[in-house]
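>>> prediction below, plus the sequence it came from.
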Amino acid sequence: MIYIEKIGSYIPGNRKLIAEYKSKFEIDDDFILNKLGVEYVSRKSENEETSDLCVSAFQALQRKLAISLDEIDCLVVCTQNPDGGGIPHTSAVVHQKLNLQDRCACFDIALGCSGYVYSLSIVKSFMEANNFRAGLLFTSDPYSKIINPDDKNTMLLFGDAATVTFLREHNHRDGQWLAKNFCFATRGSEGKALHNRDHELFMNGRAIFTFCITQVPLQVRELLDGAHMSCEDIDLFLFHQGSKYMVEQIRKRLGLPENKVPIKISGYGNTVSSSIPLLLEECLDDQGMNNIVLSGFGVGLSWASCIISHDK
Amino acid sequence: MEQIKRELTELLQDTVTNISITDEQDYDRPLKELGVDSLDMMSILLEIFDRYKVDILDEEAEKLTTLNLIVAHINRELKKMNQVE
């Protein structure tokens, strides 16, 4: 079985203070703190590429866990903003920068905010199908590459970050984090609500909001029903951090208490496929946790949820 | 009309934090002055759809700048729906 072992992350040090945009975008402190929930958005430097963010996340992982580069069987990057337009695939660029061996399989997954949940399922299945023992799943989607600085809908929200999840086979299952009970969904007919329009990100905020707060609670209920679990069986619900307001509305629709739905977006913004692993990173070492719901939603429109549990 | 007005007031009080609707004049004040921002408006429009099945398009929503305008719009749409039925 393949388990989630550890997560490393990188958030670029360059931050833009949202309060500086108050007059430009006619917003106030209440909107910044209580609606967006974003005080700063992180921005990669001009010369940092998507693959560089991945390498920095890997370096953070290595500070937590000694990983032999020779043991890596596969490397996957989830991104929609790859290096150099995607040719070659960013995972191959990261492979070169980490100096991994030839026998390591590499591919990219082009998904946005639902990408982490999808990628967990894909990489876990790929590794199990091929008897791989160790894999790296990166999320790195620097939207700053395509954000129009004059667009209020996106400029104030999206931040750059990268994460890497180390997945490893274990013979002993006790206490290992197992991802299971995946649910996936797509509504391509509404894809234009969030898309790359002539190399600039366009978002119809109302369409995205309505989609998220109506569909995500339904999928989470479907997920729990399928797993024969109730909200009480779940220690934490880690939702994609679209905005503070959006996560709070999803929480209210599901009738969940505040302490089960963390919101961590203030210091860097909505980091697309990195937002869930950024939340999960700290939870993995918490021995008090047994079951966690992960739920990502956005570009596509696409949404996906799963449960990760301490296997017994 | 009065029932929709009452229900909409309750809906706003449930949806918008710190909203202040104290007298009749508030129903003609710009929503922004009552403390309703763009994200609140998205929630309000969604709640209106859930409750009345009235889908307010973006271009219509832009013109609904006061509570009385929203009430009148819902009332008009409900009448249309009843006529169809």
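Ah, there it is. Numbering: from 1, shown residues only, chains lettered A, B, ... in the order given.
>>> please give the element, helix or strand, for the spatially most central residue of chain B.
For chain B, the residue sitting closest to the mean C-alpha position, by Cα atoms, centre = their mean, is B:Ile70 at 4.1 Å. Assigned by DSSP states H and E, B:Ile70 belongs to helix B:67-84.
>>> ok, back up a step: which residue packs closest to the residue nearest to the centre of chain B, ignoring adjacent ones?
B:Leu64 (4.8 Å; Cβ to Cβ, 6 or more residues apart in numbering or on different chains). Just so you know, the C-beta spots here come from the backbone N, C-alpha and C atoms, and that holds for glycine as well.
>>> A:Lys264 should be in a helix, yeah?
No: assessed with DSSP: H, G, I helix; E, B strand; the rest coil, A:Lys264 is coil; it does not lie in a helix.
>>> distance of A:Cys106 relative to A:Val117?
Noted for A:Cys106: a distance of 21 Å to A:Val117, by Cβ to Cβ, to the nearest Å.
>>> these two: which has the busier surroundings?
Between A:Cys106 and A:Val117, A:Val117 has the larger neighbour count (other Cβ atoms under 10 Å in any protein chain shown), namely 28 against 20.
>>> that one and A:Ile307 touch, don't they?
No: using Cβ atoms under 8 Å, A:Val117 is not in contact with A:Ile307, being 10.4 Å away.
>>> shared neighbours, the two?
When contacts are counted by Cβ atoms under 8 Å, 6 or more residues apart in numbering or on different chains, the set common to A:Val117 and A:Ile307 consists of A:Leu294.
>>> sorry, back to before: in the helix holding B:Ile70, what's buried?
Neighbour-count burial for helix B:67-84 flags B:67-68, B:70-71, B:73-75, B:77 (criterion: 16 or more other Cβ atoms under 10 Å in any protein chain shown).
>>> got the domain ranges for chain A?
Using automatic domain parsing, the domain parsing of chain A gives A:2-169, A:177-310.
>>> now those in a markdown table, with distance to chain B and mean pLDDT?
As requested, the domains of chain A are exported to a markdown table (distance: least, Cβ to the nearest Cβ, whole Å; pLDDT from 0 to 100):
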| stretch | distance to chain B | mean pLDDT |
| --- | --- | --- |
| domain A:2-169 | 5 | 95 |
| domain A:177-310 | 5 | 94 |
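>>> so which of these comes closest to B:Thr22?
Smallest distance to B:Thr22 across the domains of chain A (Cβ to Cβ): 19.6 Å, for domain A:2-169.
>>> distance from the chain centre to the closest one, please.
Centroid separation between domain A:2-169 and its chain, computed with Cα atoms, centre = their mean, to the nearest Å, is 8 Å.
>>> now do stretch A:246-258
19 Å.
>>> hang on, A:His42 in a strand?
For the record, residue A:42 is Ser, not His. Yes: judged by three-state DSSP, A:Ser42 forms part of a strand.
>>> let me see the contact set for it.
Counted by Cβ under 8 Å, 6+ apart, A:Ser42 has contacts A:11-15, A:159-161, A:267-269, A:271.
>>> so of these, which ones are in helices?
Here DSSP state H is the test, and the contacts of A:Ser42 give no hits in helices at all.
>>> one step back: and B:Ile44, which of the domains of chain A is closest to it?
Closest among the domains of chain A, using Cβ to Cβ: domain A:177-310, at 10.9 Å.
>>> can you give me the end-to-end distance of that closest one?
Start and end residues of domain A:177-310 are separated by 5 Å (Cα to Cα, to the nearest Å).
>>> and B:Glu7, how far from chain A?
19 Å (Cβ to the nearest Cβ, to the nearest Å).
>>> element containing that residue, please.
helix B:2-15.
>>> can you mark which positions in that helix are buried?
B:4-5, B:7-9, B:11-12, B:15.
>>> go through the residues you listed and say which is closest to chain A.
Within the buried residues of helix B:2-15, the smallest distance to chain A is 9.4 Å, found for B:Thr15 (Cβ to the nearest Cβ).
>>> and the closest one, what is it in contact with?
By Cβ under 8 Å, 6+ apart, the neighbours of B:Thr15 are B:40, B:43-44, B:47.
>>> would you point out the most distant pair within those?
Among the contacts of B:Thr15, B:Asp40 and B:Glu47 lie farthest apart (Cβ to Cβ), at 10.4 Å.
>>> of these two, which one has the most company?
B:Asp40 (21 against 16).
>>> burial count for the residue nearest to that one when sequence neighbours are not counted?
The shortest distance from B:Asp40 to any non-neighbouring residue, by Cβ to Cβ, 6+ apart, is to B:Val16 (4.7 Å). Neighbourhood size, B:Val16 [other Cβ under 10 Å]: 20.
>>> now the phi/psi pair for residue 48, please.
No chain was given, so I picked chain A. When read as degrees, to the nearest 10, the backbone of A:Glu48 gives phi -90, psi 130.
>>> pull the number of nearby residues for the closest residue to it other than its chain neighbours.
Excluding the flanking residues, the one nearest A:Glu48 by Cβ to Cβ, 6+ apart is A:Pro12, at 6.7 Å. A:Pro12: 20 surrounding residues under other Cβ under 10 Å.
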